[in-house]
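Enquirer: need a 3D model of the sequence below.
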Amino acid sequence: MNIFRTVSPIFLFCLISVLWLTTGCATTEIASSNPASDSDTDSDSDSDTDSDTDTDSDTDSDTDSDTDSDTDSDSDTDTDTTPDCVDGGCCDTDAQEFEPDTFQCGSTAVASEYECVSTACAGDSRERHQHQYCTGASSSCDMTNLMWEVWIVTDCTTDQLCETDGSTYSQCTDCPGGCSGGSCLSTQETVNFPAAGDYFSTTYMYQAGDYVEGSRTTSLVSVTEADIHLVISYNSLTCDTQDVNFIVNGTTVGSFSIAGGQYTIDQNYSFGSISGPGYTLRYQTISTVAGGCGSATYSSTGSTVTFTGS
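Expert: Residues are numbered from 1 along each chain as shown. Okay, here's the model as predicted:
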């Protein structure tokens, strides 16, 4: 049986077409893979770079180095050598310049302050002073620039009080009997008076103004009370008494009278505070004893004054 008779013409046409295409594609592939590199790449790439790079290096560098640096070294600084000063309390005579405003030119204080830091026991005492200083712009030492120095503090102890008048002094004062509540505690001290070495204006006291006087130094800063014990070594008084003042530092603190036959006087006197610690004591006749009525003499041994103070 003939097979081509049973195959459709259309099928045959398609088969032939497939065979032809297959053969043609293979041929093309072989041709493309053939390295017959007739690659006439035409390397005559006409690279006419024409290196005539006419850079024209004639840079005309006419920088004109004639920089005309006419700096004119005549720099007209005009240094003035005139000195600030040649003398004066605020002139540095070596450098001929004004002293700075921190320079103290006055040695004597122009003002002072004194005070107590506290009125309690152990309250410190302090003071400071004001001085003249230069201005930094003048050779004169005047009152233009005044400055206070720092406080100078004195530490008082627990048995001291600070005392001041505010203008001339400030000090720590001892309290011999101790200090409590801002006050010195009372204490007593006894001195002999009159005693050898004291001044007697006369031996026999009877005229107004006759006296005996002596000075004593104690540990008492002040006194407010006195107990006297006066020994009379001679007494011829008969018809009159000898009237006497007791005087401490110029202040009459009490008086007494000596009668005939009396050889001791004991008295107590309270008075306003009298500052020490030195005290000048005096017994002085107030009025003249009546004529013919006698006189009295004070012993220079055995007589005492006991002060109460602080």
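
Enquirer: low-confidence stretches in the stretch 51-200 of the chain?
Expert: Residue ranges of the stretch 51-200 of the chain with pLDDT under 70: 51-80.

Enquirer: helices along that one, start to end?
Expert: Along the stretch 51-200 of the chain, no segments are classed as helices by DSSP state H, counting those that start in this stretch.

Enquirer: for residue 256, grab the count of nearby residues.
Expert: Around residue 256 there are 18 other residues, counting by other Cβ atoms under 10 Å. The C-beta positions use only the backbone N, C-alpha and C, and glycine is treated the same way.

Enquirer: before we move on, what about residue 212?
Expert: For residue 212, using other Cβ under 10 Å, the count is 24.

Enquirer: residues touching the nearest residue to residue 259 once chain neighbours are set aside, list them.
Expert: Spatial nearest neighbour of residue 259, chain neighbours left out: residue 241 (5.1 Å); criterion: Cβ to Cβ, 6 or more residues apart in numbering. The contact partners of residue 241, by Cβ atoms under 8 Å, 6 or more residues apart in numbering, come to 257, 258, 259, 260, 289.

Enquirer: closest to residue 231 among those residues?
Expert: residue 258 (11.5 Å; Cβ to Cβ).

Enquirer: wait, doesn't the closest one sit right on residue 237?
Expert: Yes - between residue 258 and residue 237 there is a contact under Cβ atoms under 8 Å: 6.5 Å.

Enquirer: overlap in contacts, these two.
Expert: Contact criterion Cβ under 8 Å, 6+ apart; residues shared by residue 258 and residue 237: residue 296.

Enquirer: between those two, which is the more surrounded one?
Expert: Using other Cβ under 10 Å, the more surrounded residue of residue 258 and residue 237 is residue 258, with 25 against 22.

Enquirer: which ones are touching the spatially most central residue of the chain?
Expert: Closest to where the C-alpha atoms of the chain average out (Cα atoms, centre = their mean) is residue 150, at 4.1 Å. Neighbouring residues of residue 150 by Cβ under 8 Å, 6+ apart: residue 128.

Enquirer: how about residue 227?
Expert: For residue 227, the contacting residues are 266, 267, 268, 269, 305, 306, 308, by Cβ under 8 Å, 6+ apart.

Enquirer: list the contacts for the last one?
Expert: Read that as residue 308. If you count contacts by Cβ under 8 Å, 6+ apart, then residue 308 has 186, 187, 188, 223, 224, 225, 226, 227 around it.

Enquirer: thought residue 206 was touching residue 289, still the case?
Expert: Yes - using Cβ under 8 Å, residue 289 is in contact with residue 206, at 4.1 Å.

Enquirer: so what sits against both of these two?
Expert: 242, 295.

Enquirer: of those two, who's got more company?
Expert: Neighbours were tallied for residue 289 and for residue 206 using other Cβ under 10 Å; the higher tally belongs to residue 289 (25 against 21).

Enquirer: okay, the more buried one: pLDDT?
Expert: pLDDT for residue 289: 97.

Enquirer: quick one: secondary structure of it?
Expert: Using DSSP: H, G, I helix; E, B strand; the rest coil, the secondary structure recorded for residue 289 is coil.

Enquirer: need phi/psi at it.
Expert: phi -70, psi 140 (degrees, to the nearest 10).

Enquirer: for residue 278, same thing?
Expert: Backbone torsions for residue 278, taken as degrees, to the nearest 10, come to phi -90, psi 140.

Enquirer: adding pLDDT and distance to residue 142, write the contacts of residue 227 out as JSON lines.
Expert: Shown next, in JSON lines, are these (pLDDT from 0 to 100; distance: Cβ to Cβ, whole Å):
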{"residue": "266", "pLDDT": "97", "distance to residue 142": "66"}
{"residue": "267", "pLDDT": "97", "distance to residue 142": "62"}
{"residue": "268", "pLDDT": "97", "distance to residue 142": "61"}
{"residue": "269", "pLDDT": "97", "distance to residue 142": "56"}
{"residue": "305", "pLDDT": "98", "distance to residue 142": "56"}
{"residue": "306", "pLDDT": "97", "distance to residue 142": "58"}
{"residue": "308", "pLDDT": "94", "distance to residue 142": "54"}
